[in-house]
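1. Structural data only, the sequence is not supplied:
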Ligand code: NAD
Ligand code: IPM
Ligand code: MN
C-alpha cells in the first residue's frame with residue numbers, strides 16, 4: 001500500500017478555503033487508490049508572521065524536510081503589506097530552500113467555459129515554463145540607499161548561465177516529447193541577461209533539431225498572446241516575465257482561479273511544491289466562493305509528479321474538467337455556486353468516472 005507524506009501550507013486569505021477543497025478530493029482519491037496519506041500542516045506567509053514572527057519559520061522548514069510533497073494555498077494580504085518581512089518573502093524563501101527552480105503553469109480553455117474567454121474562437125492551450133529561483137526576485141544587492149535629498153533603490157537582475165540552461169532544456173524536452181513549438185520570451189533588445197538567455201536557447205536548439213523555436217520580446221509576446229494565442233504552446237521565460245504572463249494566461253482562459261502549477265527541481269518522482277497561480281484574493285476571502293480549481297489541479301500535478309500516481313492525476317483532472325463542463329460554477333465563472341458546492345460536484349464526478357473505469 002502506497003504511503004505518502006503530504007505537507008499542507010494553507011496560508012492566508014482564500015488559501016485555507018481552496019486547499020480544504022483540494023484535500024476533500026485527495027481523501028476520496030486516496031481511498032480509491034488504497035493509499036495512506038499522512039498529512040501534516042504548518043504555517044507560511046502572514047499566518048506564520050502572526051504565529052512565529054517569521055513568514056517562513058524554522059518549524060515549517062523542518063516539516064518540509066519530512067514531506068514527500070507540499071501543497072500550498074496562497075500567501076499575503078493587506079494586513080501584512082507593511083510588515084518588515086512580508087508574507088511573499090516567506091514563499092520566495094521556501095522556493096529557494098527547496099531548490100525549486102522550475103515552475104510549470106499550464107493553461108487551456110475548458111469545455112463549457114468557452115464563453116468566458118475574450119478569445120473564445122481561438123485555440124488557447126499552453127504551458128509556461130517559468131524560471132523560479134533567479135532573476136530580479138533574488139539578485140543582490142537589493143534595497144534602499146539614502147542619498148542627500150534623494151533615495152536610490154536597487155533590484156538586481158542576476159542569472160547564471162547554468163540556471164538558464166536547466167529551465168530552457170526542461171522546456172525543450174517537454175516540447176519535443178509533445179511535438180510542440182517552443183517560444184522563448186525575453187527582452188534581448190534591452191537586457192544583457194536576455195541576450196545570454198537567447199544564446200543559451202539557440203545553443204540548446206541544436207540538441208533539439210525537431211523542436212521549432214521562436215524568440216519573442218516579452219512586450220510583443222504579451223500583445224500576441226491576446227491576438228494569436230493559438231501560436232503559443234510551450235513558453236519558456238525568466239522569473240518575472242513568467243509571473244506576469246501566467247496571470248495573463250489566467251485572463252485568456254476566463255479566470256485566474258482555473259490555473260494550477262508545479263514548482264519542481266526538474267525530475268519527476270521528486271519532492272515539489274504545488275501551488276495555484278492565483279494569490280490570497282483578499283477581496284473574496286472568507287466568503288466561501290473561491291474557485292478551488294487551481295488548488296485541485298495543483299493537487300493533481302502533485303500526485304502525478306512527486307508520487308508517480310499518474311492514474312490518480314488523470315482521475316482528478318477528468319473530474320475537475322467534467323465538473324467545469326457541467327457546472328455548477330463559482331462566481332468568477334459567472335455562476336453562484338460556493339466552493340463547497342463545486343467541490344461536492346467534483347467528488348461526485350470522481351465517483352462516476354471511477355465506477356465507469358471499474359466496469360470497463
Ligand atoms: P490574487 O490572485 O489574489 O487576486 C486577483 C484577482 O483574481 C482578484 O479579483 C481575486 O478575487 C481573483 N481570484 C484569484 N484567485 C481566485 C479564485 N481561486 N477564485 C476566484 N477568484 C479568484 O492577486 P492580488 O489581489 O494581486 O494579490 C493578493 C495577495 O496575494 C497579495 O498579497 C499578493 O502578493 C499575494 N499573492 C500570493 C500568491 C501565492 O501565494 N502564490 C500569488 C499571487 C499573489
Ligand atoms: C506567484 C506569486 C508570487 C510570485 C508572489 C506572491 C511572490 O505572484 O506565485 O505567481 O511572484 O512568484
Ligand atoms: Mn504571480
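-> Noted; the coordinates are in hand. Keep in mind that this is a model prediction, so the values were computed, not measured. Ligands and ions are numbered 1, 2, ... in the order given.

2. what about the strands in the protein?
-> All strands of the chain, identified by DSSP state E, fall at 3-11, 36-41, 69-74, 102-108, 125-131, 139-147, 150-156, 182-186, 213-217, 234-237, 262-264, 273-274.

3. Quick one: closest of these to residue 166.
-> Within these, the stretch nearest residue 166 is strand 102-108; the backing value is 7.6 Å (Cβ to Cβ). To be clear about C-beta, it is placed using only N, CA and C from the backbone, and glycine gets the same treatment.

4. Next one: the closest one, is it in contact with ligand 1?
-> No - Strand 102-108 stays clear of ligand 1 (Cβ under 6 Å from any ligand atom), getting no nearer than 10.2 Å.

5. can you give me the angle that strand makes with strand 125-131?
-> 160 degrees (axes from the mean of the first three to the mean of the last three Cα atoms, to 10 degrees).

6. Kindly present the strands of the chain as CSV, with separate columns for mean pLDDT and distance to ligand 2.
-> Shown next, in CSV, are those (pLDDT from 0 to 100; distance: least, Cβ to the nearest ligand atom, whole Å):
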stretch, mean pLDDT, distance to ligand 2
strand 3-11, 97, 10
strand 36-41, 97, 20
strand 69-74, 98, 8
strand 102-108, 93, 7
strand 125-131, 97, 8
strand 139-147, 96, 14
strand 150-156, 97, 13
strand 182-186, 98, 16
strand 213-217, 96, 20
strand 234-237, 98, 13
strand 262-264, 97, 8
strand 273-274, 97, 10
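
7. In JSON lines: these, plus mean neighbour count and distance to residue 224.
-> Converted to JSON lines, these look like this (neighbours: other Cβ atoms under 10 Å; distance: least, Cβ to Cβ, whole Å):
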{"stretch": "strand 3-11", "mean neighbour count": "22", "distance to residue 224": "34"}
{"stretch": "strand 36-41", "mean neighbour count": "14", "distance to residue 224": "42"}
{"stretch": "strand 69-74", "mean neighbour count": "28", "distance to residue 224": "29"}
{"stretch": "strand 102-108", "mean neighbour count": "22", "distance to residue 224": "15"}
{"stretch": "strand 125-131", "mean neighbour count": "24", "distance to residue 224": "12"}
{"stretch": "strand 139-147", "mean neighbour count": "10", "distance to residue 224": "28"}
{"stretch": "strand 150-156", "mean neighbour count": "10", "distance to residue 224": "27"}
{"stretch": "strand 182-186", "mean neighbour count": "26", "distance to residue 224": "9"}
{"stretch": "strand 213-217", "mean neighbour count": "18", "distance to residue 224": "7"}
{"stretch": "strand 234-237", "mean neighbour count": "28", "distance to residue 224": "11"}
{"stretch": "strand 262-264", "mean neighbour count": "25", "distance to residue 224": "25"}
{"stretch": "strand 273-274", "mean neighbour count": "28", "distance to residue 224": "29"}
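
8. what's the closest of those strands to residue 355?
-> Distance to residue 355, taken as Cβ to Cβ, is lowest for strand 36-41 among those, at 22.1 Å.

9. name the helices or strands packed onto the closest one?
-> Judged by 3 or more Cβ pairs under 8 Å, 6 or more residues apart in numbering; DSSP states H and E, strand 36-41 is in contact with strand 3-11, helix 15-33.

10. who does it pair up with?
-> Under the criterion DSSP bridges, strand 36-41 sits next to strand 3-11 (parallel) in its sheet.

11. contacts for the partner strand?
-> If you take Cβ atoms under 8 Å, 6 or more residues apart in numbering as the criterion, strand 3-11 is touched by 15-16, 19-20, 23, 26, 35-47, 60, 63-64, 66-75, 87, 280, 302, 307.

12. quick revisit: dump the helices and strands packed on strand 36-41 to JSON lines, plus distance to residue 94.
-> Shown next, in JSON lines, are the helices and strands packed on strand 36-41 (distance: least, Cβ to Cβ, whole Å):
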{"stretch": "strand 3-11", "distance to residue 94": "8"}
{"stretch": "helix 15-33", "distance to residue 94": "14"}
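
13. What ranges does the protein have for its helices?
-> Secondary structure of the chain (DSSP state H): helices at 15-33, 46-52, 58-66, 87-98, 161-178, 192-207, 218-227, 239-253, 293-305, 310-326, 339-359.

14. Which positions in the second one come out as buried?
-> By neighbour count with 16 or more other Cβ atoms under 10 Å, helix 46-52 contains the buried residues 46-49.

15. possible to save those as JSON lines with pLDDT and distance to residue 286?
-> As requested, those are exported to JSON lines (pLDDT from 0 to 100; distance: Cβ to Cβ, whole Å):
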{"residue": "46", "pLDDT": "97", "distance to residue 286": "14"}
{"residue": "47", "pLDDT": "97", "distance to residue 286": "14"}
{"residue": "48", "pLDDT": "98", "distance to residue 286": "19"}
{"residue": "49", "pLDDT": "97", "distance to residue 286": "19"}
